[in-house]
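[1] any chance you can model this:
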Amino acid sequence: MDPVRALRQVAFQLERAGEPTYRVRAFRRAADVVARLPPGELEFRADTGTLTELPGIGKSTAGVVVDALEGREPSYLNKFRDPVRGGQALRAALKGDCHAHSDWSDGGSPIREMAETARDLGHEWIALTDHSPRLTIARGLSPARLREQLEVVAELNTELAPFTVLTGIEVDILDDGSLDQEEELLARLDVVVASAHSKLRMPAPEMTERLLTAVANPHVDVLGHCTGRLVLGRGRPESVFDAEAVFTACRDNGTAVEINSRPERRDPPTRLLRLALEIGCEFAIDSDAHAPGQLDWLSYGCERAEECGVPADRVINTLSAADLLAR
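    This next block holds a predicted model:
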């Protein structure tokens, strides 16, 4: 195994496991250091035990380098065992991811890195869905910045073809159900994920109307993390709304219900996922990734979808980019 690739693989697995950012960066920094070494120096330092004299190389990263040079899978990777037990067939059927963030909003990596990682995971496409303006804590994109991003994506697509970065946004659902971005811009995007991020404890009648208005908007393709719940750490309770009415509106308006794969979300809850399936909704199994390693979280969503009996033909990201756009 190439030492640079091995270090980046450990960083990827750390991200996937939700480890602290400083640990992920340590392995990526070490990979950059190794990549810049002149030919022969890495092997010399490994033989002489001086790897840790290099800036950015510590005991753990040096161990990964030695394992790779000696043809072994790095023992550090043994720390990561995939807890997912099901959903493999559905995961294999996915051709893309409708919800991912870059460092243009609150993601941690450039668009290119997110796209190349998605490609390396076997995707044919990924939708770039950075946040909208009102979510200032997440550096939401103003109309001007979003227009600039569209130009960047167009240029990147010429370089990465046939892989495709679909233009998109995770647009905030405002209190009255309207959307936090100019209508003209929303009409230009390939994928619009609409999510509520504020006033999640709004009374049920008002929240129901808010969501009904949003999913009926012709620009909305996916209803994102519909209850807003968080199930890890201090947690956050579900928003309360008439789920039958909202999911019926999703079905009737062709708006997919997101199965959010983030481990701290697992949204919608199982009872609501089963209800949406029974009502006849389509779904988008999304990573909601904010870093490259998190793109592989799709397997968590696939496992939940399989447990609830969601068939592949009801999941929109089993479609090719061309077929998705044609819808």
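[2] domains of this protein?
    Per automatic domain parsing, the domain ranges recorded for the chain read 3-79, 88-326.
[3] please tell me how far Asp180 sits from Ala92.
    Asp180 is 35 Å from Ala92, where distance means C-beta to C-beta, to the nearest Å. Any C-beta I mention is one placed from the backbone N, CA and C, and that applies to glycine too.
[4] these two - which one has more neighbours?
    Neighbour tally, Asp180 and Ala92, criterion other C-beta atoms under 10 Å: the higher count belongs to Asp180, 19 against 11.
[5] mind listing what the more buried one touches?
    Applying C-beta atoms under 8 Å, 6 or more residues apart in numbering, we find Asp180 in contact with Ser132, Pro133, Arg134, Leu135, Gly140, Val171, Asp172, Ile173, Leu174.
[6] quick check on Ala154: phi, psi?
    Main-chain torsions, Ala154, degrees, to the nearest 10: phi -60, psi -40.
[7] tell me the pLDDT of it.
    pLDDT for Ala154: 98.
[8] just the contacts of Asp180: which are in strands?
    Of the contacts of Asp180, the ones assigned to strands by DSSP state E are Val171, Asp172.
[9] JSON lines for the contacts of Asp180, including neighbour count, distance to Leu160 and pLDDT?
    Below are the contacts of Asp180 laid out as JSON lines (neighbours: other C-beta atoms under 10 Å; distance: C-beta to C-beta, whole Å; pLDDT from 0 to 100):
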{"residue": "Ser132", "neighbour count": "29", "distance to Leu160": "25", "pLDDT": "98"}
{"residue": "Pro133", "neighbour count": "18", "distance to Leu160": "28", "pLDDT": "97"}
{"residue": "Arg134", "neighbour count": "16", "distance to Leu160": "31", "pLDDT": "94"}
{"residue": "Leu135", "neighbour count": "20", "distance to Leu160": "28", "pLDDT": "93"}
{"residue": "Gly140", "neighbour count": "24", "distance to Leu160": "25", "pLDDT": "96"}
{"residue": "Val171", "neighbour count": "30", "distance to Leu160": "25", "pLDDT": "98"}
{"residue": "Asp172", "neighbour count": "23", "distance to Leu160": "29", "pLDDT": "98"}
{"residue": "Ile173", "neighbour count": "27", "distance to Leu160": "31", "pLDDT": "98"}
{"residue": "Leu174", "neighbour count": "17", "distance to Leu160": "34", "pLDDT": "98"}
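[10] winner for burial among the domains of the chain?
    Across those, averaging neighbours per residue (mean count of other C-beta atoms under 10 Å) puts domain 88-326 on top, at a mean of 20.
[11] for that domain, how far is the first residue from the last?
    From its first residue to its last, domain 88-326 covers 27 Å (C-alpha to C-alpha, to the nearest Å).
[12] so how far is it off the chain centroid?
    Relative to its chain's centre, domain 88-326 lies at 9 Å (C-alpha atoms, centre = their mean, to the nearest Å).
[13] try stretch 38-54
    For stretch 38-54, the separation from the chain centroid amounts to 37 Å (computed by C-alpha atoms, centre = their mean).
[14] what lies in contact with it?
    Stretch 38-54 is contacted from outside by Pro3, Val33, Val34, Leu37, Ile57, Gly58, Lys59, Ala62, Val65, Val66, Leu69, using C-beta under 8 Å, 6+ apart.
[15] mind checking which of these are in helices?
    Pro3, Val33, Val34, Lys59, Ala62, Val65, Val66, Leu69 (DSSP state H).
[16] residues contacting Arg304?
    Shown in contact with Arg304 (C-beta under 8 Å, 6+ apart): Gly87, Ile259, Arg266, Thr270, Leu273.
[17] ah, wrong one, I meant Leu121
    Taking C-beta under 8 Å, 6+ apart, we find Leu121 in contact with Leu295, Asp296.
[18] can you check the one 4 residues further on too?
    Shown here is Trp125, whose contacts under the criterion C-beta under 8 Å, 6+ apart are Lys95, Gly96, Ala118, Phe163, Thr164, Val165, Leu166, Ser320, Ala321, Leu324.
[19] the closest residue to the first one other than its chain neighbours and Leu319, how far apart?
    Across the structure, with C-beta to C-beta, 6 or more residues apart in numbering as the measure, the residue nearest Lys95 apart from its sequence neighbours is Glu124 (4.6 Å). Counting by C-beta to C-beta, the gap from Glu124 to Leu319 is 10 Å.
[20] please apply the same query to Ala312.
    Using C-beta to C-beta, one gets 10 Å for the distance from Ala312 to Leu319.
[21] equivalent analysis for Arg210, please.
    Counting by C-beta to C-beta, the gap from Arg210 to Leu319 is 29 Å.
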